[in-house]
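[1] what's the 3D shape of this:
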Amino acid sequence: MVGDGVVRGGGGAREESGNVAGGAVFPPSSVSYAYEWQRRRRWQQLRRRETWLVLVGIVLHAVYMLSIFDIYFKSPVVHGMDAVPQRISAPAKRLVLLVADGLRADKFFEPDSEGHFRAPFLRRIIREKGRWGISHARPPTESRPGHVSLIAGFYEDPSAITKGWKANPVEFDSVFNRSRHTFAFGSPGVVPIFCGNLPHATWGSYPPEFEDFASDASFLDQWSFDQFHDLLHRSHNDSKLKQLLMQERIVIFLHLLGCDTNGHAHRPHSTIYSNNVRVVDRIAQRVQSLFEDYFGDNQTSYIFTADHGISDKGLKNLPLIYLKSWRWAPTNTNTPLVAWGAGIRTPSLLARNNQSEYGLSSVHEHIHDMPTPAKWDLNDVERVDVNQADIAPLMATLIGSPCPVNSVGNLPLGFLSLNKGEEAEATLSNTMQILNQFLRKSYLKQSSSLFFKPFKPLENYLSSLKQIEDLIFQSDYEAALRMSQDLRNLALAGLHYFQTYDWLMLMTTITLGYIGWILNLLIHILQSYTSLQKHVSIIVDANQWNTTKRVYLGACLLTGLYSSVFLLEKSPLLYHVYSATAIFLWAQIFSNIQFIATAWRGFSGKRYSTVLKLCCACFVALFILEFLVSSFSERKLYTWCFMTTGAVAASFIFFWRRTSTGIFLCVACWFLSGFTLMPAEIPDNTGLVIASGAIIILIGMTGRLFEFYAKRDKLWSCIVGPSVEPYKKKLFWFQVIMVLLSSVMVWVSTSHRSQKRGLLLLHQIINWFLTGRRSSLRESILQLCFYFTTVTIIKQPPSRLTSIFLGFAPHFFYSVFYSALSLVLLGWILVECITLNSTTITQVESVEEKFNLKDNERCLRLSDLRVPLIFMVLFNVAFFGTGNFASIASFEISSVYRFVTVFSPFFMAALLIFKLFIPFMLVICVFSSITKLIHVPRMGCYFLVILLSDIMTIHFFFLVQNTGSWMEIGNSISHFGIMSAQVVFVLFLFALTNIYTKDIKVMSFPLASLKAM
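    Numbering: from 1, shown residues only. Sure, this is the predicted structure:
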């Protein structure tokens, strides 16, 4: 953005006295009419151009956000491979898979507060009959991807969740598919995924209404067991069913959802959750007794595990923030694994030693076999850790079925009771199954690529296979086992190679597209909202038109060339969109080459001091953006930011002898700084929520007092209205009553839920009324209230913002943070008001320089860059103040239990998102008020926000990792996705908050007295 002054040169829009717009001739008496005509034309062009920019911005960010699914989340599933049969006889005739949904490893293994272990039966199994370890899940730690890893053996791409939570959008092979028959009972959100379209499956699930967060959900586990118990009982009178049960390769799957539901509703530290662990343990014991009595052949293998854990806050998809990088919470990814029965090794006892207790601090990095925590009291029993996908080949080997063709799991030999020859044969079978996937992917890529680059380490895979076969024939099992494992690792590396084959091309295209979008925004801001706007002609001359035609002709040819290559390579449709978008944006840039040349000539002729100011402003802006990028991995940076800002801003205000304002601003900033020191996981505190209602009311009353006393001070005259009408008072007290009633209902609803009494219909109706969702009476009152609030009653910034603050307060439940944020926002308004009244007049734009601006607006200057930068800091802290930026799941979900207790993921997520939008809307309302206060164009500042945000988006795009731990990879991807989504929904929030701020009135200074900031 160019600083103060006028840039000379270029095709000016205004020419000789009687000529306007490059050839439209008007008599001297009609000059004013000609000017109005020209200004009206420019205004129409500006509106069309900005509408186009907004639409392009929405499409660009929506499409480019999808690029992470093409780059990183491309489905690993390929079809067309043949199943590889097992090379050894089946150790077991049947397999029982018990999955305790949401069971944490630490809560399963550690003792309770009284020193008693919660799972005595399975601990006895660990010490006497079977093997144990930790199964490491991958994010997203949701039920569907977790069960896909367990049963199909691969880590499903998270994009499949967006295609259907309970449907099966991707066809894949599984252990169930390869079984002779599968019996499955459990949740309607899990069992139908694998058995719904499986002809050789007998399954059942309970109604979704059973998943009620207001009750003890352990009965869901008992339901699953009872269903299978009844099935065995019926088999005594059903010969076909009994004959089916007696066959080989039978899988019994019991999905136990109780721990997950109780963990969400009551937290994993609750007595209900601990009791549910005991319920699960008793079910495992009863299942074993049932099978021993029914079959009595010792040919049953048992595997007990969980799909994911759960955080202390009752959430299952929650990353934690550490000092240097993000880590996925070990409580979410570490799950217990216990195996016993036919084909499973017996325990291997170890000598107790003085191992240092690392706990689970490093297990989440997939560094297996870290020392076992001493409080688990299992240091003397050998532990075998696995990746979650490794369980699928383990189950397939136990029952002698081919491994699922899409599996990428490594067979965990530490669990199997096999001799050396059988281990070598089983590992070779596992290797050949993974190698088949590699060969299929290589074939598919080679058949569609014009310039194919093979994976060279596996060019001679046939000779390696032959050598392994020879070693097995020669009984050199150790060497055969090592070579099989090495070949398997190469095959996995080859799968990764073809999974990332198009990364370089896609990343280059996406980056060029973002840079083109940012430059288009910059050109638009310079043309429309700075003093350079007078160099933009509304009439396109012949030379410019010819240049534009040549640019777009070249862009069309280049787009056609890329599309032809993509068609020949059978690339996805989005590849065409990525390249076409980038080419289109750069064509727009080159079509403005004359304006760019004019701006550059003007800039190069500036004084050294102006250039230095521009460089300093760019440096400060980049520093703040880098600060915001770093804050994604370190929330505490905001603490130091607001402590420093409070001290510096107070010193600035003290200089202007505004002591009370300086103290207020310092206290407000320091108050807000404390929230980012708090952990992301904070337990329920109903008393604090109720007390915060009083704080909100106190702040509202303080705002009213400020409005009353500020009328006597000329400094605040630009933001305070002349009088307080009676109906304003009535509206204020109505909102206060709503806040009080909301606090009372929080206490009532929470107490009923804690007593397991459910949520009364009357309470739900009142809560919905307060939140503004249902009931025709509520809609009438709410619409009337907002009509008077936003349209006719309150037009001064303090009164309007106080009303908005109180109006949203009943919906927001982190009310202490909400209050602290509002105080800082009020301080921002006061600082801008002081700055506005303390600067000196340096330059005033002439009317001719403001074709695109309203009469009470001035052109943007370099110093105005502070407004979007401060907005971005506050916009981000609106998220970081109450949780972390990694996931919406880091926010308190229990607040939605006031409205609904029956599990409904999308409806609950909608309520949670609505609540999270409230602080954003408050920040944007203040931002809009400030643009009116300092008389700068709101849309110009808005486009600056988008421009700066996309610089951060590019940074996050380059921070995406494809090496290191899978948590570092996943979190770096989530940062990019979140930032892209933030840019998209800022567009929506700006439009939404315009309802509340469009008619805010501030004192309109005469044009001759507008001050440069």
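
[2] make it CA atoms for all contacts and neighbour counts henceforth
    OK.

[3] shaky segments in the stretch 901-1013 of the chain?
    Residues of the stretch 901-1013 of the chain that meet the criterion pLDDT under 70 lie in 901-914, 962-971, 999-1013.

[4] the domain parsing of the protein - what is it?
    94-352+373-418, 612-839+861-998 (the TED database).

[5] and the top helix by length along the chain, what other elements does it pack with?
    Assignment by DSSP state H gives helix 31-71 as the longest helix of the chain. Judged by 3 or more CA pairs under 8 Å, 6 or more residues apart in numbering; DSSP states H and E, helix 31-71 is in contact with strand 19-20, helix 503-529, helix 573-591, helix 966-997.

[6] Tell me what angle that helix forms with helix 503-529.
    160 degrees (axes from the mean of the first three to the mean of the last three CA atoms, to 10 degrees).

[7] any idea of the mean pLDDT for helix 31-71?
    For helix 31-71, the mean per-residue pLDDT is 78.

[8] Now do it: distance to the chain's middle.
    Put simply, helix 31-71 sits 28 Å off its chain's centre (CA atoms, centre = their mean, to the nearest Å).

[9] do stretch 396-407 as well
    Worked out by CA atoms, centre = their mean, stretch 396-407 lies 35 Å from the chain centre.

[10] again, but for stretch 221-237
    Relative to its chain's centre, stretch 221-237 lies at 41 Å (CA atoms, centre = their mean).

[11] mind listing what's buried in that stretch?
    For stretch 221-237, burial by neighbour count (16 or more other CA atoms under 10 Å) applies to 221-225, 227-228, 231-232.

[12] Distance to Arg345, secondary structure and pLDDT added to these, as CSV?
    Compiled in CSV, the buried residues of stretch 221-237 are given as follows (distance: CA to CA, whole Å; DSSP: H, G, I helix; E, B strand; the rest coil; pLDDT from 0 to 100):
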residue, distance to Arg345, secondary structure, pLDDT
Asp221, 28, helix, 93
Gln222, 29, helix, 94
Trp223, 31, helix, 95
Ser224, 28, helix, 95
Phe225, 26, helix, 95
Gln227, 30, helix, 95
Phe228, 27, helix, 94
Leu231, 30, helix, 94
Leu232, 28, helix, 93
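
[13] for the helices and strands packed on helix 31-71, which one sits closest to His136?
    Taking CA to CA, helix 966-997 is the member of those nearest to His136, at 11.1 Å.

[14] Mean neighbour count, the domains of the chain: which tops it?
    domain 94-352+373-418 (a mean of 21; mean count of other CA atoms under 10 Å).

[15] What is the end-to-end distance of that one?
    Domain 94-352+373-418 stretches 17 Å from its first residue to its last (CA to CA, to the nearest Å).

[16] same thing with stretch 599-612?
    17 Å.

[17] just to revisit the earlier point, Throw the helices and strands packed on helix 31-71 into JSON lines and include distance to Lys375, thanks.
    Formatted as JSON lines, these follow (distance: least, CA to CA, whole Å):
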{"stretch": "strand 19-20", "distance to Lys375": "86"}
{"stretch": "helix 503-529", "distance to Lys375": "46"}
{"stretch": "helix 573-591", "distance to Lys375": "52"}
{"stretch": "helix 966-997", "distance to Lys375": "27"}
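
[18] Relative to Phe879, which of the ones you listed is closest?
    Closest among the helices and strands packed on helix 31-71, using CA to CA: helix 966-997, at 10.9 Å.

[19] For Asn197, which three-state class applies?
    Following DSSP: H, G, I helix; E, B strand; the rest coil, we place Asn197 in the coil state.

[20] count of neighbours near the residue nearest to Ser449 when sequence neighbours are not counted?
    Leaving aside its chain neighbours, Ser449 sits nearest to Glu569 (5.0 Å; criterion: CA to CA, 6 or more residues apart in numbering). Using other CA atoms under 10 Å, Glu569 has 16 other residues around it.

[21] Phi and psi next, for Glu569.
    phi -90, psi 0 (degrees, to the nearest 10).

[22] Point out where the stretch 451-600 of the chain drops to low pLDDT.
    In the stretch 451-600 of the chain, residues with pLDDT under 70: 533-542.
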